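# dropping a prediction and its sequence here:
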Amino acid sequence: MAATIMLIIHTIVSAILIFLSLKQMGKFAELGGAFGSGSMHTIFGREKGLDKEGKITVFFGALFFVSSILTAFFISR
């Protein structure tokens, strides 16, 4: 029962993380953005820190990491 619940939670978290990652890739959609040159359009380089969307993505990344470990733990039992 717990393994099934964790699989559902893990699937939802991974889908949200994929969506957020793809949504942020649109910011640097030009060819140079694929190689990390998203700072091309600013005078002093890339903006420091993360915006609200970036912080949410980091949160879901950490949640994905934790849910991966918990899911593996519950499936192995």
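Received, thanks.

# for this protein, just list every one of the helices.
Here the chain has its helices, by DSSP state H, at 2-25, 52-76.

# pLDDT below threshold where in this protein?
Residues of the chain that meet the criterion pLDDT under 70 lie in 27-48.

# redo that, cut-off 90
Scanning the chain for pLDDT under 90 picks out 22-51, 53-54, 77.

# redo the helices of the chain as JSON lines? Include mean neighbour count.
Glycine gets a C-beta too; all of them are placed from N, C-alpha and C. Listed next are those as JSON lines, based on neighbours: other C-beta atoms under 10 Å:
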{"stretch": "helix 2-25", "mean neighbour count": "13"}
{"stretch": "helix 52-76", "mean neighbour count": "13"}
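
# can you tell me how far the residue lying closest to Leu7 once chain neighbours are set aside is from Glu53?
Computed as C-beta to C-beta, 6 or more residues apart in numbering, the closest residue to Leu7 that is not its neighbour in sequence is Thr71, at 6.2 Å. Applying C-beta to C-beta, to the nearest Å, the value for Thr71 to Glu53 is 26 Å.

# now swap in Gln24 and tell me
For Gln24, the distance to Glu53 - C-beta to C-beta - is 6 Å.

# likewise for Ile18?
Distance from Ile18 to Glu53, by C-beta to C-beta: 14 Å.

# same deal with Met6?
27 Å.

# and what of Ser76?
Using C-beta to C-beta, Ser76 is found at 35 Å from Glu53.

# one more: Lys23?
Taking C-beta to C-beta, one finds Lys23 at 7 Å from Glu53.

# between these two, what contacts are shared?
Residues within reach of Lys23 and of Glu53 at once, by C-beta atoms under 8 Å, 6 or more residues apart in numbering: there are none.

# I'd assumed Phe19 was in contact with Thr57.
No. Thr57 lies out of contact with Phe19 (C-beta atoms under 8 Å); the separation is 9.7 Å.

# not counting sequence-adjacent ones, nearest residue to Leu63?
Spatially, and ignoring its direct neighbours in sequence, Leu63 is nearest to Val13 (5.3 Å; C-beta to C-beta, 6+ apart).

# quick one, what contacts that neighbour?
If you count contacts by C-beta under 8 Å, 6+ apart, Val13 has them with 60, 63-64, 67.
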